[in-house]
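J.: turn this into a structure:
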Amino acid sequence: MKTKIMTDPTASLPQEFVEKEGIVYFETLFAVGDKTYKEVTEVNREEFVESLSYITPYPKSSMASPPDALEIYEKAIDEGYDEILYLAVSPNITNMIAPARIAAKKVKDKIKVTIFPTGLMGPSQGAMVYSAMKLFNKGKSVDEVLSYLDSIKENIHTAGFSADFNTLYRTGRVKKGVKISVISTVMKLKPLFEINLDIGVVGIGGGLGYGSAIKKVTTNLREKAQSDVTYDLFLLDAMAPEKSKKLEKSIKNVIPINEVHFWQLPTMIIWAVGKGAAIATIAPTMSDE
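T.: Modelled structure (predicted):
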């Protein structure tokens, strides 16, 4: 069967990989002023990121709609696909699954739509999509792919840091107060976070400068990694590639790494964590069998 992979932009996949493998994004929306834009196809990532420090009001995000999903399904039908596999962001984070399911009912006699809540988001979700694509390229079925993804999702781990608290203040995720503002500025505190299964982004403290942040992210991942597993490493940054390189060196010193992938953080995640952020994901290396 010919299967089309559908996922969310939060998966953070490189555009060249998406285009090569025919993956389609179910795009979230940004409201900028009085206009609404699709995250990937209608937003210039670099210009958007540069505007985040001054644009007022701060952009708001929203879910796609059933007609957006229906457009994807109908195009897949026209392209001769037999099935669509939607590897979705955890519904506990944003319920993109709901409009996808509504639209799927309208095409149930034309194409099979399988919706799989990954329980993850960001590059953790992207690592699952990457693994799924490799399995499809080996001739595996949808059932075999989903069985594999179920077996690894609890062993995919992501941690990272933001450059400062400014973006977190503007999104409303952190309430600005005099005390935390002074502390974060004087001590150059870098907010730390991890992505947890079925929960999403969770704050895990701060690092006193980039060196401390990198060390703490590395420790976070090392403590979660299983000693008998070799991992692939996915490194993403918001226009701060030097941070990704330092994370790579630090992580490879303590965790067995097979492949290393350098990706860019997508607009949605930069919107949440700000320019200068860097994130690392470890996912079990797929066997060659």
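J.: next one: phi and psi at the nearest residue to residue 95 once chain neighbours are set aside?
T.: The shortest distance from residue 95 to any residue that is not its chain neighbour, by Cβ to Cβ, 6 or more residues apart in numbering, is 6.8 Å, and that residue is residue 63. C-beta here means a position set from N, CA and C on the backbone, and glycine is covered the same way. As for residue 63, its main-chain torsions (degrees, to the nearest 10) stand at phi -70, psi 160.
J.: so what's residue 63 scoring on pLDDT?
T.: According to the predicted model, the pLDDT of residue 63 comes to 87.
J.: from what I see, it and residue 97 are in contact.
T.: No: with contact defined as Cβ atoms under 8 Å, residue 63 does not reach residue 97; the gap is 9.8 Å.
J.: which one of these two is surrounded by more residues?
T.: Set side by side, residue 63 and residue 97 show unequal neighbour counts under other Cβ atoms under 10 Å, the larger going to residue 97 at 20 against 16.
J.: next up, phi/psi of the more buried one, please.
T.: With angles defined as degrees, to the nearest 10, residue 97 sits at phi -70, psi -40.
J.: how close does it sit to residue 282?
T.: Look at residue 97 and residue 282: by Cβ to Cβ, to the nearest Å, they are 26 Å apart.
J.: then residue 199?
T.: Residue 199 is 18 Å from residue 282, where distance means Cβ to Cβ.
J.: of these two, who's got more company?
T.: Set residue 199 next to residue 282 and count neighbours by other Cβ under 10 Å: residue 282 wins out with 27 against 14.
J.: what's across from the nearest residue to that one once chain neighbours are set aside in the sheet?
T.: In space, not counting the residues next to it along the chain, residue 282 is nearest to residue 231; the distance is 4.1 Å by Cβ to Cβ, 6+ apart. For residue 231, the beta-bridge partners under DSSP bridges are residue 257, residue 284.
J.: wait, doesn't residue 231 sit right on residue 286?
T.: No: under the criterion of Cβ under 8 Å, residue 231 lies out of contact with residue 286, with a separation of 10.8 Å.
J.: so these two - more neighbours on which side?
T.: Per other Cβ under 10 Å, whichever of residue 231 and residue 286 has more neighbours is residue 231, with 23 against 16.
J.: and that one, what does it touch?
T.: Residues counted as contacts of residue 231 (Cβ atoms under 8 Å, 6 or more residues apart in numbering) are 225, 255-258, 282-285.
J.: which one of these is nearest to residue 27?
T.: Of all these, residue 27 sits closest to residue 283, with 24.0 Å by Cβ to Cβ.
J.: against residue 53, how distant is that closest one?
T.: In this structure, residue 283 and residue 53 are 32 Å apart, going by Cβ to Cβ.
J.: and those two? which has more neighbours close in?
T.: Neighbour comparison, residue 283 and residue 53: the larger count goes to residue 283, with 25 against 11 (by other Cβ under 10 Å).
J.: using the three-state scheme, assign the residue nearest to that one when sequence neighbours are not counted.
T.: Computed as Cβ to Cβ, 6+ apart, the closest residue to residue 283 that is not its neighbour in sequence is residue 127, at 3.8 Å. Assigned by DSSP: H, G, I helix; E, B strand; the rest coil, the conformation of residue 127 is helix.
J.: number of residues surrounding residue 127?
T.: Taking other Cβ under 10 Å as the neighbour definition, residue 127 ends up with a count of 30.
J.: might one say that it is in contact with residue 281?
T.: Yes: shown here, residue 127 and residue 281 form a contact pair, counting by Cβ under 8 Å, at 5.5 Å.
J.: show me the helices in this structure, by range?
T.: Remark: helices of the chain, listed N- to C-terminal, are 15-21, 45-51, 66-78, 97-106, 122-137, 142-152, 166-171, 178-186, 210-224, 241-252, 267-273; assignment by DSSP state H.
J.: want to throw the ones you listed into CSV with distance to residue 1 and mean pLDDT?
T.: Putting the helices of the chain into CSV (distance: least, Cβ to Cβ, whole Å; pLDDT from 0 to 100) gives the following:
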stretch, distance to residue 1, mean pLDDT
helix 15-21, 16, 94
helix 45-51, 34, 84
helix 66-78, 12, 97
helix 97-106, 17, 97
helix 122-137, 10, 96
helix 142-152, 8, 97
helix 166-171, 41, 59
helix 178-186, 52, 40
helix 210-224, 36, 96
helix 241-252, 37, 97
helix 267-273, 31, 83
